[in-house]
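Colleague: one predicted model, sequence on top.
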Amino acid sequence: MVSRREFVLSGIAISALPVLSTMAPARSQTPAEPLLPELALAPLYKVIYDRRFAASVTYGAVAARRGLSTHAINGDMTGIWYHDLHPRWKQGPAAIAGLTAHGPLFCLERLSWDFQMRVVFREEREDGLISWVIAARSAV
Amino acid sequence: MRTPAGVSAADFSTALTQFEAALGREWVFTSDEDVDLYRDAYSPFWGEPEERKAAAALAPENVEQVQKIVRIANHYKIPLYPISTGRNLGYGGSAPNASGNVVLDLKRMNRVLEVNENNAYALVEPGVSYFDLYRHIDERGLKVWLDVPDPGWGSPMGNSLDRGGGYTTHQFRNHFDAHCGMEIVLANGELLRTGMGAMPGSKAWQQYKTGFGPAIDGIFSQSNFGIVTKMGFWLMPQPDAYFTGSVLVPRHNDLIALVEMLNLLENSRVCNGMSDLSSPAMGLPAPYDAPPAAPELVTLINKAIDGKTDDLDTYAASKGRAVWSATLKFYGPAKAIIAQWEYAKEKFSTIPGATFVDGELIKLPLTAEQKEKVHKVEFGIPSLSIFSMGARNANNPTPGDGHQWFSPIIPRNGEAVFEANRIFAAAGRDFGLPVPPFSIPFCFWERSFLFLFGFPVTHDVEKNKATRAAFKHLVEIAAEHGFGEYRTAPAYQDLIMSTYSFNNHALLRFHETLKDAVDPNGIISPGRYGIWPKNLRGARK
């Protein structure tokens, strides 16, 4: 029992989703670079990473090196939602990926439902972050 | 595929075919994959047989389609559960009160019908989100503000009908009170407009609330008497400036005088924003990722809750911290709100030892850079930032799966705050709940305090059972002391309605009389806020 301000807001996925582990990377990697096969799962409009987590920053850097458009957040999706994703998704589905905590994913997942998209890849890591891809089901 | 209770599979199939004819096949959802999206992600019954799950979902795009759906549903006695955006998580989300209902998803009805800048009002459809309406205003440079809840991903209509609240000034924070005029599809498919909207050709639907004769808008909030398809709202004229000032008082029992003075200043509109109470000495409210309070401090707080306050006062003095702080917020002309704060300081100065901290005067409108830095909801800007909380960290090693709010209304006086803390702290200890050392009340509503406790919801059945038992206990013990909840999730609506029991549940019996009259087949949201149609009432009892 905690107060609103003290309370930890988080959510969890509803859908049962595939975990992909065998897909080839988008292009050749340096030996130390994570493979992140999920980034090749669908043509990505945007890759989101969270500056608060070192692993997420690395993820964003890998995505950028692969030529993907990236966007950094500090946990808060308000800016990218209002200025970017909402106007873009009104025109039609556009796949996005990210490595974030539960909260941002939970929020984006539910917003994406209204635009005929779903979380099509979700993999929770030991550090609690989740790698995910949101796309139109037909895009995968 | 699930079917509604009491409806044969054949009738349901026929009705679905007729719904498809009315809406188009793509807007009738029957697959588990689609219908499961309407589950309540924070259901306290998650994964248990009692979890409320819809049988299907329908997504009309206009009022005429809603009327067609209602007429079909009436013929086959199929219960509908209307939602606007269905994002009221913590209070039920988009899941119905009873399994087998057909969700009537109104998100496609998303037109901003009017925003009047000169007289500061809007008329919207159910699927218009706060972000949609904010964008409409922002892109046109209109000088009006919204009042938004946090998070702001839901809709003005849904939040208002569930009697939610926001963060700006008195007359806009209570979202239902800030509405003006409704359009409603009744259970027989007939269309009704309230207030001035009842007059054909009226030019003041959003400018005068009550029209002529009995004012009935209230019965369509937290209820199931009709499906609201349009709703007007009064907006806040963009103020010239925003200012905050804090008053700090040194002793535990100063809360009584602090609240008395705060009430005077708020009720006389000297300060018009939503005040914040806190306790610097107790370190409350604590950030969500803060470590637990030191045991020694908790002991002092518990003693104070039991009425022995001297040690906490001594501790606070030794640390140079006030026991209580109230931050007042002002919206208006810069000169006026500075003067109002000066007047407030004069009044608070009657409390011995009171000190003051002046905040920053912010000239409005905000620049783009300022918008990124401020607490957005206090400036009428919808936000998703609350979802940034909850990441796993050292102080939060196992983030929860969701929450349910226990939200009792508490009288606006210091004694009641102390009493409520005594009651809830004891109950928390009895049930092993992670009770904060002291619960600080919120000032959302005029004339009353609101306590908000977030009960964790998990996907562990046994933990959820224990949490539900604790929740029930708190509702009952609160009612014993005259504290009632203002809102709750469907799982607890019968329970809480049963506590509003004056004169042998006269209020609920009146609701039921209305329900039987306006929805005799019980097709609209059966069970919502404890109001069951005649055919299901016996089973409930």
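Modeller: Looks like it arrived, so ask away.

Colleague: which residues touch B:Leu507?
Modeller: Contacts for B:Leu507 (Cβ atoms under 8 Å, 6 or more residues apart in numbering or on different chains) come out as B:Tyr500. Placement of C-beta: from N, CA and C, glycine included.

Colleague: mind running it again at 10 Å?
Modeller: By Cβ atoms under 10 Å, 6 or more residues apart in numbering or on different chains, the residues touching B:Leu507 are B:497, B:500-501, B:530.

Colleague: which SS class is B:His473?
Modeller: Put simply, B:His473 is helix when judged by DSSP: H, G, I helix; E, B strand; the rest coil.

Colleague: so how many other residues sit close to it?
Modeller: Residues near B:His473, counting by other Cβ atoms under 10 Å in any protein chain shown, number 15.

Colleague: per-residue pLDDT, it?
Modeller: If you check B:His473, the pLDDT there is 91.

Colleague: for B:Pro285, same thing?
Modeller: Listed pLDDT for B:Pro285 reads 89.

Colleague: for chain A, name the helix or strand with the lowest mean pLDDT.
Modeller: One helix or strand of chain A scores below all others by mean pLDDT, DSSP states H and E: strand A:2-3, with a mean of 35.

Colleague: JSON lines for the contacts of B:Leu507, including pLDDT and secondary structure?
Modeller: Output for these, formatted as JSON lines (pLDDT from 0 to 100; DSSP: H, G, I helix; E, B strand; the rest coil):
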{"residue": "B:Met497", "pLDDT": "98", "secondary structure": "helix"}
{"residue": "B:Tyr500", "pLDDT": "98", "secondary structure": "coil"}
{"residue": "B:Ser501", "pLDDT": "97", "secondary structure": "coil"}
{"residue": "B:Gly530", "pLDDT": "97", "secondary structure": "helix"}
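
Colleague: which two of these have the greatest separation?
Modeller: Within those, B:Ser501 and B:Gly530 form the most distant pair, 11.0 Å apart (Cβ to Cβ).

Colleague: what sits closest to the residue in chain B that chain A sits nearest to if chain neighbours are left out?
Modeller: At 2.7 Å from chain A, B:Ser388 is the closest residue in chain B, using Cβ to the nearest Cβ. Excluding its sequence neighbours, the residue lying closest to B:Ser388 (Cβ to Cβ, 6 or more residues apart in numbering or on different chains) is A:Gly75, at 2.7 Å.

Colleague: pretty sure that neighbour sits in a helix.
Modeller: No. Per three-state DSSP, A:Gly75 lies outside any helix segment and is coil.

Colleague: I'd say it and A:Arg52 touch.
Modeller: Yes. Contact status for A:Gly75 versus A:Arg52: in contact at 5.9 Å, counting by Cβ atoms under 10 Å.

Colleague: buried set for stretch B:220-238?
Modeller: For stretch B:220-238, the neighbour count (16 or more other Cβ atoms under 10 Å in any protein chain shown) marks B:220-236, B:238 as buried.

Colleague: which residue is the nearest non-sequential neighbour of B:Pro96?
Modeller: Distances taken as Cβ to Cβ, 6+ apart place B:Tyr81 nearest to B:Pro96, at 3.7 Å, with adjacent residues excluded.

Colleague: does that neighbour sit in a helix, a strand or a coil?
Modeller: Classified using three-state DSSP, B:Tyr81 is strand.

Colleague: the residue of chain B closest to chain A: neighbour count?
Modeller: So B:Ser388, with other Cβ under 10 Å, has 23 neighbours.

Colleague: wait, it sits on A:Gly79?
Modeller: No. The criterion here is Cβ under 10 Å, and B:Ser388 misses it with A:Gly79 at 11.6 Å.

Colleague: which residues does the residue of chain A with the smallest separation from chain B contact?
Modeller: Per Cβ to the nearest Cβ, A:Gly75 is where chain A lies closest to chain B, at 2.7 Å. Applying Cβ under 10 Å, 6+ apart to A:Gly75 gives the contacts A:50-53, A:100-101, A:103-104, B:384-391.

Colleague: show me which of those residues are buried.
Modeller: The buried subset of the contacts of A:Gly75 (16+ other Cβ under 10 Å) comprises A:50, A:52-53, A:100-101, A:103-104, B:384-391.

Colleague: closest to B:Leu133 among those?
Modeller: The closest of the buried ones among the contacts of A:Gly75 to B:Leu133 turns out to be B:Leu384 (Cβ to Cβ; 15.6 Å).

Colleague: my read is that the closest one contacts B:Trp153, right?
Modeller: Yes. Taking contacts as Cβ under 10 Å, B:Leu384 lies within contact range of B:Trp153: 6.3 Å.

Colleague: anything in contact with each of those two?
Modeller: Shared contacts of B:Leu384 and B:Trp153 (Cβ under 10 Å, 6+ apart): A:77-78, A:81, A:107, A:111, B:131.

Colleague: sort out for me which of the residues you listed are in strands.
Modeller: Of those, none are assigned to strands by DSSP state E.

Colleague: now do the strands in chain A.
Modeller: Under DSSP E, chain A gives strands at A:2-3, A:44-50, A:70-73, A:95-100, A:117-124, A:130-136.

Colleague: got a list of what the nearest residue to B:Gln171 once chain neighbours are set aside touches?
Modeller: Spatial nearest neighbour of B:Gln171, chain neighbours left out: B:Ala178 (6.6 Å); criterion: Cβ to Cβ, 6+ apart. By Cβ under 10 Å, 6+ apart, the contact list for B:Ala178 reads B:121, B:146-147, B:156, B:160, B:165-166, B:168-172, B:209, B:232-236.

Colleague: keep only those of the buried residues of stretch B:220-238 that are in strands.
Modeller: Under the assignment DSSP E, those contribute B:227-234, B:236 to strands.

Colleague: and those as CSV, adding pLDDT?
Modeller: Output for those, formatted as CSV (pLDDT from 0 to 100):
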residue, pLDDT
B:Ile227, 98
B:Val228, 98
B:Thr229, 98
B:Lys230, 98
B:Met231, 98
B:Gly232, 98
B:Phe233, 98
B:Trp234, 98
B:Met236, 98
